[in-house]
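[1] Here is my input, please return the structure:
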Amino acid sequence: MYTAHEDSIINVLAPRFEKETGIKLEYVKLGSGDVIKRAKAEAANPQADVIWSIGGEQLEAENAILAPYTPKEWDKIADVFKVGTNWLPYTGIMNVFVVNTNMVPANLMPRTWTDLADPRLKKLISSARADKSGSSYMQLCNTLLIYKDKGWDVYKGIMQNMVISASSGAVPKFVNDGEQAVGITLEDNAFRYVQGGGPVKIVYPVDGVVAAPDGIALLKGGPNPEAGKAFIDWCLSKPVQELLVDSMFRRAVRTDCKDPAGLPALSTIKTVAYDFGWAALNKNEFSKKFAEIAMELGL
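    Got it, this is the predicted structure:
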């Protein structure tokens, strides 16, 4: 399978799946954009069975290479997450700000996306490239959805303060270690450092944050489709979803699982509806524009 999952999660789930099912799991870890590129390049002769944990808009854009599949406990999946064409919700994710409290005093804490364009944060914001990282592309779309015609101006202002990270998962480490003051990353990535006792705080932007599922999907024509289906069923089972909640700080897509302890209930966060079709349709255009601005800014 191909995955953009963090190593910390893969290293727990992969051996557990093998132990519980007797199925050997082989994976290739890539950035989410490279996952799609490789799967598309191999579409005539697929070498993998599953794409595991990448942005839903990327799967939506390439749903022709995916095989439809209804998992065993589909009735337990929350309707709000049933948004994909030929792909399935895996966990509920959102992007947050992670702030080093030693570097940013409480009265200067960024509260909105526009706050991230404050000149005082010049070269102090860590983020991955929106044309390479699925979660960073969601950050871009988040800004465009809120600010509409002014969205690109807002995001360019944020980019002027960015130091680009190789991956979204690396962002909170830079902030925790004091290399950057603020990061934009997935909630679970940030919360690990909060739990670890680092000098970091999570901020949910009050102007709105996209809450959406990342995806898991069966590749069309893969060599071991039944094993692929078994893996998907296993990932969406209650025990695994609860493990993702309790140990990995992801939000479950099942209706019978609780939110991670220590994180606010989703109902208390101002969320923004994410149009996967729109995000998928515009991905090439938005990625190209991001790359042009990045080149202009020397990122």
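[2] For the rest of this, base every contact and every neighbour count on C-alpha atoms.
    Noted.
[3] any chance you could map the helices in the stretch 151-299 of the chain?
    For the stretch 151-299 of the chain, helices defined by DSSP state H, counting those that start in this stretch occupy the ranges 151-159, 171-176, 187-195, 225-235, 238-246, 276-281, 283-297.
[4] which outside residues touch the fourth one?
    The one in question is helix 225-235. 17, 23, 49-50, 69, 71-73, 90, 216-218, 240-241 (CA atoms under 8 Å, 6 or more residues apart in numbering).
[5] Okay, angle between it and helix 238-246 too, please.
    Taking axes from the mean of the first three to the mean of the last three CA atoms, to 10 degrees, one finds helix 225-235 and helix 238-246 inclined to each other by 50 degrees.
[6] Please read off the pLDDT at residue 32 from the model.
    What the model reports for residue 32 is a pLDDT of 83.
[7] got a list of what residue 279 touches?
    Contacts of residue 279 (CA under 8 Å, 6+ apart): 57, 141.
[8] so residue 47, which of the three states?
    Put simply, residue 47 is coil when judged by DSSP: H, G, I helix; E, B strand; the rest coil.
[9] Closest one of the contacts of helix 225-235 to residue 81?
    Taking CA to CA as the measure, residue 81 sits nearest to residue 90 out of the contacts of helix 225-235, at 8.9 Å.
[10] ok, how many other residues are close to that closest one?
    26 (other CA atoms under 10 Å).
[11] With residue 82 instead?
    Residue 82 has 15 nearby residues by other CA under 10 Å.
[12] Chain neighbours aside, what residue packs nearest to it?
    Using CA to CA, 6 or more residues apart in numbering and skipping residues adjacent in sequence, the residue nearest residue 82 is residue 89, 6.6 Å away.
[13] so the one you found sits right up against residue 253, yeah?
    Yes - Residue 89 lies in contact with residue 253 (CA atoms under 8 Å); the separation is 6.8 Å.
[14] those helices in the stretch 1-150 of the chain, which residues are they?
    Assigned by DSSP H, counting those that start in this stretch, the helices in the stretch 1-150 of the chain fall at 7-21, 32-41, 56-61, 134-147.
[15] Now do the buried residues in the longest one.
    For helix 7-21, the neighbour count (16 or more other CA atoms under 10 Å) marks 13, 17 as buried.
[16] Not counting its own residues, what contacts that helix?
    By CA under 8 Å, 6+ apart, helix 7-21 touches 23, 24, 25, 231, 234, 248.
[17] Run the chain-centre distance for that helix.
    Helix 7-21 sits 20 Å away from the centroid of its parent chain (CA atoms, centre = their mean, to the nearest Å).
[18] related to what we said a few turns ago, what sits in contact with each of residue 89 and residue 253?
    Common neighbours of residue 89 and residue 253 (CA under 8 Å, 6+ apart) are 81, 213.
[19] tell me, what residue is most central in the chain?
    Geometric centre of the chain, nearest residue: residue 135, 3.9 Å, by CA atoms, centre = their mean.
[20] tell me the contacts of that one?
    Contacts of residue 135 by CA under 8 Å, 6+ apart are 55, 95, 168, 185, 186.
[21] If you drop the residues flanking it in sequence, what lies closest to the last one?
    Taking CA to CA, 6+ apart, and ignoring the residues beside it in sequence, residue 186 has residue 95 as its nearest neighbour in space, at 4.4 Å.
[22] follow-up on the earlier one: just the pLDDT for the residue nearest to residue 82.
    We have a pLDDT of 95 for residue 89.
[23] going forward, begin numbering at 26 instead of 1
    In the new count, where the first residue is 26, that last one comes out as residue 114.
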